[in-house]
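# Sequence first, then the predicted structure, then my questions.
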Amino acid sequence: MDLNFNKNEDHNKLLRSDLRKKLAQVKLGGGQKGIEKQHAKGKMTARERIDYLLDPKKNAIEIGAFAGEGMYKEHGGCPSGGVVVKIGYIQGKLCVVVANDATVKAGAWFPITGKKNLRAQEIAMENRLPIIYLVDSAGVYLPMQDEIFPDKEHFGRIFRNNAVMSSMGITQIAAVMGSCVAGGAYLPIMSDEALIVDKTGSIFLAGSYLVKAAIGESIDNETLGGATTHCEISGVTDYKAKDDQDALDTIKTIVSKIGEFEKAGFNRESAVKPKENPEDIYGILPKSRSDQYDMLEIIKRLVDDSEFQQYKEGYGKTLLTGYARIDGWAVGIVANQREMVKNKKGEMQFGGVIYSDSADKATRFIANCNQKKIPLVFLQDVTGFMVGSKSEHGGIIKDGAKMVNAVSNSVVPKFTIVIGNSYGAGNYAMCGKAYDPRLIAAWPSAELAVMSGNSAAKVLLQIETATLKKQGKELTPEDEKTLFDTIKARYDAQISPYYAAARLWTDAIIDPLETRTWISMGIEAANHAPIEKQFNLGVLQV
C-alpha cells in the first residue's frame, strides 16, 4: 500500500469513528435523565421497544437517526426528530416500525418529526410493508404549531396516509404505550388494530384540564381515556396489555399470522462476498473531495465476487454503467467515474462531470434495466454537468434532460448512495432525494450542495465585491480574504452530510461497509410491491 492510501485510510476511519460517536449520542434521545424517568414509570424507551420487537440477530436499518441534528436549538433541540424509525424483521416478516421518543419533549411533534413520520409511511406505501406505530406522544409542539399543523406535508397528512394505506391493504398496527392526545388520537384508531397499555397508555381528544376548562367537567385522565375505558366502554382499542412487553408480544403474534405477499420478482441468486477486500474502500476514497480515484475499484468492493459487467465500457467514460449482484440481487449500477479519462475523440474529460456522451449512455442503460426489471443503484460523486460553449453547442442541456427524464420515469426501484460530491443538477440526474429513490444514504465523506464551498464562496465574493464597488467602496486583499473565509465557513457547514441528514435529504449516514446491507434490504422490501406501471419516457427532444 502506498503512503497516499494510508493517509486516505486514516482520514476515512476517523470520519467513521466520528459517525459512531454521533450515533451513540443520538441514541440517548433526550438524555439519561429522560431515560430514567421512562423506566421509573415502568416504560421502555422507544429504542428498547423496537429492539424487543424486532427479531434478534437479523439485520435492521434505521431511517433518519440524525433528523433534527443541530436544529431547534432555541427550543432545546430535537434528537432524531423525537421519533425512531427502523426497517427490520418481526417474526421473519419485513416491517417498518415507528416509535415516539417520550424522552424528547414528551414525544411532541416538531416540524421534522412530521417529515420523518411521513417518510416512514412513504417507505411502507412504496414497498407495501406492514407498519407498526408505537405511540407515546404529547402531540403537536405548540410553540411551533404553525410549522407542523395545516399544510399538505404536515401533521394531518399522517392520518390521510393511514386511510390510503388501509385502502391499499397495507397492515397497520398501533400500540398506545403512553400519551396519545388531540389529533394524534386518530392515528391508532385509523390503524387496522390498536392496543393500549394499562395505566400508562391513554387516548383522548382533550385531556382532563382542557375538558374542565371547556365544559366544566371534572374527570381524571385514566377514567377519561385509559385502557379500561377504551377496551371495555368505548371499544376504541382492540387489546389491553398489562405492560410494554405484553403489548409488544401481542404485536409479534399478530404479525406472525400475516399471509404471504405477491412478489415483484426481482432476480436473486445465492449471495457471494466481494473478492476484493471491502475494507480497502477507506484507503481508495481520497481525503480531498477534489482528488481523483477509480470508482471501478469502489464498485469491486461492493458487489458479489467483485464482478461488474460494464455496459458501453468505451463510451461516455465519466459514467460507469453495468450489471452486478449485491447480496445475490441483480442490480444495474450507474456510478460517477472520478478519474480523468479520454473520450472517443481522444480528448481528456474531467472526472465526476457528466458529459453529453455519459448522459446518453446512462439514459440507454436505465431504459434497459427497466425493460429487464432490474433495480438501479446510483453511486454519486458528481460535480455536475459539463459547462462551456463546446458543451452548450453540443446539446448538453438536451442530453442531460434525457437522463433526468429516464431517472424520473424509471419504474424499477432506485437506490442512491452518496459517496462524495453531490452538486447541482448532478444530484438530480444521479437520483437525488427529489427523484424518489426507495432509500438514499450517504457516506461520511459525502457533500451535498449546489456547488462546492470553495466555488460558492468565490461566486458570492464576486457578487459582494461588485455590490460594494457600486457603492464606491473597495476591499483590501485582507478584507477579501476575511470575507471569503467567512462565506466559505458558512457554506461548508451546509455541505456537511450531517446537515443533509438533519433535514432528511438523505435517509442516513452509513459506514461504507454497511452499503451492501442497505441495498439488499432495500431490494427485499421493494420485492413486496409488484411493478404496476410501464416504463415510458414521454416526450423528448431528440
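That came through fine. Computed from a prediction, not measured in an experiment: that's the story for all the values here. Numbers count the residues shown, from 1 in each chain.
# Low-confidence regions, the stretch 251-400 of the chain specifically.
Applying pLDDT under 70 to the stretch 251-400 of the chain flags residues 386-395.
# Any idea which helix or strand in this structure has the lowest mean pLDDT?
Least confident helix or strand, the chain: helix 389-393 with a mean of 60, by mean pLDDT, DSSP states H and E.
# helix or strand right after that helix?
Counting by DSSP states H and E, the next helix or strand C-terminal to helix 389-393 is helix 396-409.
# who's in contact with that next one?
354-357, 359-360, 362-363, 366-367, 385-387, 414, 425, 428-431, 435, 535-538, 540-541 (Cβ atoms under 8 Å, 6 or more residues apart in numbering). For the C-beta atoms, the positions are set from N, CA and C on the backbone; glycine is no exception.
# what secondary structure does the residue of the chain most remote from its centre sit in?
Computed with Cα atoms, centre = their mean, the maximum C-alpha offset from the centroid of the chain is found at Gly472, amounting to 48.1 Å. Of the three states, Gly472 takes coil under DSSP: H, G, I helix; E, B strand; the rest coil.
# Now it. Its backbone dihedrals?
phi 80, psi 20 (degrees, to the nearest 10).
# And the one 4 residues further on, by the same measure?
When read as degrees, to the nearest 10, the backbone of Thr476 gives phi -80, psi 160.
# and it, how far is that from Thr465?
To Thr465, Thr476 is 11 Å away according to Cβ to Cβ, to the nearest Å.
# Pick out whichever of these two has more residues nearby.
Neighbours per residue (other Cβ atoms under 10 Å) separate Thr476 from Thr465, with Thr465 holding more: 17 against 8.
# May I see the buried residues of stretch 117-130?
Neighbour counts over stretch 117-130 (16 or more other Cβ atoms under 10 Å) mark 117-121, 123-130 as buried.
# of all those, which comes closest to Asp304?
Within the buried residues of stretch 117-130, proximity to Asp304 (Cβ to Cβ) peaks at Asn127, which comes in at 22.6 Å.
# In contact with the closest one, which residues?
So Asn127 contacts Arg438, Ala525, Ala526, His528, Ala529 (Cβ under 8 Å, 6+ apart).
# Correct me if wrong: the third one contacts Ala264.
This points to Ala526. Yes - counting by Cβ atoms under 8 Å, Ala526 does reach Ala264; the two are 6.4 Å apart.
# Can I have the buried ones of the contacts of helix 396-409 as a ChimeraX selection?
To isolate the buried subset of the contacts of helix 396-409 in ChimeraX, counting by 16+ other Cβ under 10 Å, use the following:
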select :354,355,356,357,359,360,362,363,366,385,386,414,425,428,429,430,431,435,535
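# Okay, and which of the contacts of helix 396-409 map to helices?
Ser356, Asp357, Ala359, Asp360, Ala362, Thr363, Ile366, Ala367, Ala425, Tyr428, Ala429 (DSSP state H).
# measure the fifth one to Glu480 for me?
If you measure Ala362 against Glu480 using Cβ to Cβ, the figure is 40 Å.
# Please apply the same query to the first one.
When distance is defined by Cβ to Cβ, Ser356 is 37 Å away from Glu480.
# if we can go back for a sec, who has more neighbours, Ala526 and Ala264?
Taking other Cβ under 10 Å, Ala526 and Ala264 do not tie; Ala526 has more neighbours (23 against 19).
# That one - nearest residue in space that isn't next to it in sequence?
Pro413 (3.8 Å; Cβ to Cβ, 6 or more residues apart in numbering).
# Who are the contact partners of that neighbour?
Glu126, Pro375, Leu376, Arg438, Gly522, Ile523, Ala526 are the contacts of Pro413 under Cβ under 8 Å, 6+ apart.
# want to throw these into CSV with secondary structure and distance to Ala501?
Output for those, formatted as CSV (DSSP: H, G, I helix; E, B strand; the rest coil; distance: Cβ to Cβ, whole Å):
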residue, secondary structure, distance to Ala501
Glu126, helix, 20
Pro375, coil, 23
Leu376, strand, 22
Arg438, coil, 17
Gly522, helix, 17
Ile523, helix, 22
Ala526, helix, 22
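# so can I have JSON lines of the residues you listed showing distance to Asp220?
Formatted as JSON lines, those follow (distance: Cβ to Cβ, whole Å):
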{"residue": "Glu126", "distance to Asp220": "43"}
{"residue": "Pro375", "distance to Asp220": "54"}
{"residue": "Leu376", "distance to Asp220": "56"}
{"residue": "Arg438", "distance to Asp220": "46"}
{"residue": "Gly522", "distance to Asp220": "47"}
{"residue": "Ile523", "distance to Asp220": "50"}
{"residue": "Ala526", "distance to Asp220": "48"}
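# any weak-confidence spans in this structure?
Judged by pLDDT under 70, the stretches of the chain that qualify are 1, 183, 386-395, 539-542.
# what separates the longest helix seen in it from the chain centre, distance-wise?
Taking DSSP H as the criterion, the chain has its longest helix at helix 3-26. Its chain's average C-alpha position is 21 Å from that of helix 3-26, according to Cα atoms, centre = their mean, to the nearest Å.
# got the contact list for the closest residue to Ala138 other than its chain neighbours?
Excluding its sequence neighbours, the residue lying closest to Ala138 (Cβ to Cβ, 6+ apart) is Ala106, at 3.9 Å. Under the criterion of Cβ under 8 Å, 6+ apart, the neighbours of Ala106 are Ser137, Ala138, Ser179.
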